[in-house]
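Peer 1: got a predicted structure here, sequence first:
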Amino acid sequence: MDPEEGRKNQRVNLADDSSNRAMVQMDLHLLPPEIRLEILSRLPITSLIDFKITSHAGYDLIADPSLPPMFRDRVSDSDPCLILFNYNSTISRRLYFLDSEDCSRGVRNIDPPQHSDVYNLVGSCNGLLCLSFPIIGGSSVSHSLLIYNPFVGDAVRVPPANRFLNQREVFGFGFHPRTGEFKVVRIVSYNKIVAVANLNVFTTVCESMVQVFTVGITEWRNKGAPPPPPRFTVAVRNRPPEALVEGSLNWVIVGARDRISRIISFELADEVFVEIPRPPCQRFASLDYSLSVLSGCLSATGLVNAVQFDIWVMKQYHVEESWVKQFSFDPYFPGAWPSFLRRVPKVICALKNGEILLRYDDNSLVSYDPVEKRFKTLQISGLPNYFQALPFLPSLFSAKATMNLQL
């Protein structure tokens, strides 16, 4: 086919799609409200967003206040979309979303609520994203924080925290089901100038502090210094938590002195750090493994020897005896990666068809069929290089409504 003819056909197809959506919207308006809502609540989020941006009629359909709770009740943990964060550039970063059950549509761009090309993804829960935007001033970098629903477009700004000399920050974001509270955790390391005893001189020491912000309250609260090494090391202060399980944020840390890997949890309800038992495999004591949430449970993935990855699942959170080795598989290399570049894959989520979605080398999405023991590299249009991937249950509630703030 002639390339120009192909482009014309593509434009016609796009026009036909737009026309079809408009016709569907007109037909929906003719239906009784209860039937219309029933149909809309069963559509994927990508279709609802298409309705919203196509016409005023489509926007009015999605704006019905009865739709968000019905849509929430239909959304399933086994059918998430994905939030992809392209972090490869220090000049420009991007957010995307992807329907994990229909990758043929490719990734779609998400515009952040604040006009900035440089930001970081702190975390997500309950249909909300937490983003941090750097503020450079003086001798250190601080961050402004926004909690944001990417499909509704509204955001809640977190008030600024105290600034310190030469500070370094890491944040976590989560929700605790028992308290019903959304919280942001800040771990900040900074330099403090102190006087040397009996001498008329001063020196600089490095200190750390944990601070917590509860959404709906106007101030950050100081929780004191984090637990001392080797239980708590600088490693946790340099990267965000990897898994939110039962209202607790979880990190893998490596002791600065003993070089032993541990799982550290910050419990959002009691606002304390707790050590979580690692999988009962000796290799996990020395591995820098990755954490994820798999079917609602904490999971750990590690390369236990040269030819085997293991995925362990903690069936009952905090209970050491509940660790179960759920999957073992041979290393898989998307593309033509040489064997010496082996890296631990990141478990993203379990899919509705029973397969496991994995991220490899920060630039490939791979599905694994545990029954057939077969891998498949997903071919996705627009997939960025070097990305984080988070399972995300979309919501049609505004950020303020989700967090029960005064509207």
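Peer 2: Yep, that arrived. Numbering: from 1, shown residues only.
Peer 1: any idea where the strands of the stretch 1-150 of the chain begin and end?
Peer 2: In the stretch 1-150 of the chain, the strands defined using DSSP state E, counting those that start in this stretch lie at 81-86, 94-99, 108-110, 120-125, 128-137, 140-148.
Peer 1: give the closest residue to Asp111 in space, chain neighbours not counted.
Peer 2: Distances taken as CB to CB, 6 or more residues apart in numbering put Leu95 closest to Asp111, at 7.9 Å, once the chain neighbours are dropped. Yep, even glycine has a C-beta here, placed from its N, CA and C like the rest.
Peer 1: please tabulate the strands of the stretch 1-150 of the chain in TSV, including the columns distance to Lys376.
Peer 2: Listed next are those as TSV, based on distance: least, CB to CB, whole Å:
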stretch	distance to Lys376
strand 81-86	16
strand 94-99	16
strand 108-110	22
strand 120-125	26
strand 128-137	28
strand 140-148	32
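Peer 1: just put those strands in JSON lines and tack on mean neighbour count, mean pLDDT and distance to Ala285.
Peer 2: Formatted as JSON lines, those follow (neighbours: other CB atoms under 10 Å; pLDDT from 0 to 100; distance: least, CB to CB, whole Å):
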{"stretch": "strand 81-86", "mean neighbour count": "22", "mean pLDDT": "90", "distance to Ala285": "31"}
{"stretch": "strand 94-99", "mean neighbour count": "21", "mean pLDDT": "89", "distance to Ala285": "35"}
{"stretch": "strand 108-110", "mean neighbour count": "14", "mean pLDDT": "88", "distance to Ala285": "39"}
{"stretch": "strand 120-125", "mean neighbour count": "21", "mean pLDDT": "91", "distance to Ala285": "27"}
{"stretch": "strand 128-137", "mean neighbour count": "18", "mean pLDDT": "88", "distance to Ala285": "32"}
{"stretch": "strand 140-148", "mean neighbour count": "20", "mean pLDDT": "88", "distance to Ala285": "34"}
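Peer 1: the ones you listed: which one's closest to Ala243?
Peer 2: Nearest of the strands of the stretch 1-150 of the chain to Ala243, taken as CB to CB: strand 120-125 at 9.8 Å.
Peer 1: hmm, back to that, Ala399 versus the residue nearest to Asp111, what's the distance?
Peer 2: Distance, Leu95 to Ala399, by CB to CB, to the nearest Å: 15 Å.
Peer 1: partners of the residue nearest to Asp111 in the sheet?
Peer 2: When bridges are called by DSSP bridges, Leu95 pairs up with Phe85, Ile110.
Peer 1: quick check: it touching Val107?
Peer 2: No. Counting by CB atoms under 8 Å, Leu95 stays clear of Val107, with 9.9 Å between them.
Peer 1: list residues touching both of those two?
Peer 2: Residues touching both Leu95 and Val107 by CB atoms under 8 Å, 6 or more residues apart in numbering: Leu84.
Peer 1: just to revisit the earlier point, out of the strands of the stretch 1-150 of the chain, which is closest to Pro279?
Peer 2: Ranking the strands of the stretch 1-150 of the chain by proximity to Pro279 (CB to CB) places strand 120-125 first, at 23.3 Å.
Peer 1: and that closest one, which strands flank it?
Peer 2: Its sheet considered, strand 120-125 pairs with strand 128-137 (antiparallel) by DSSP bridges.
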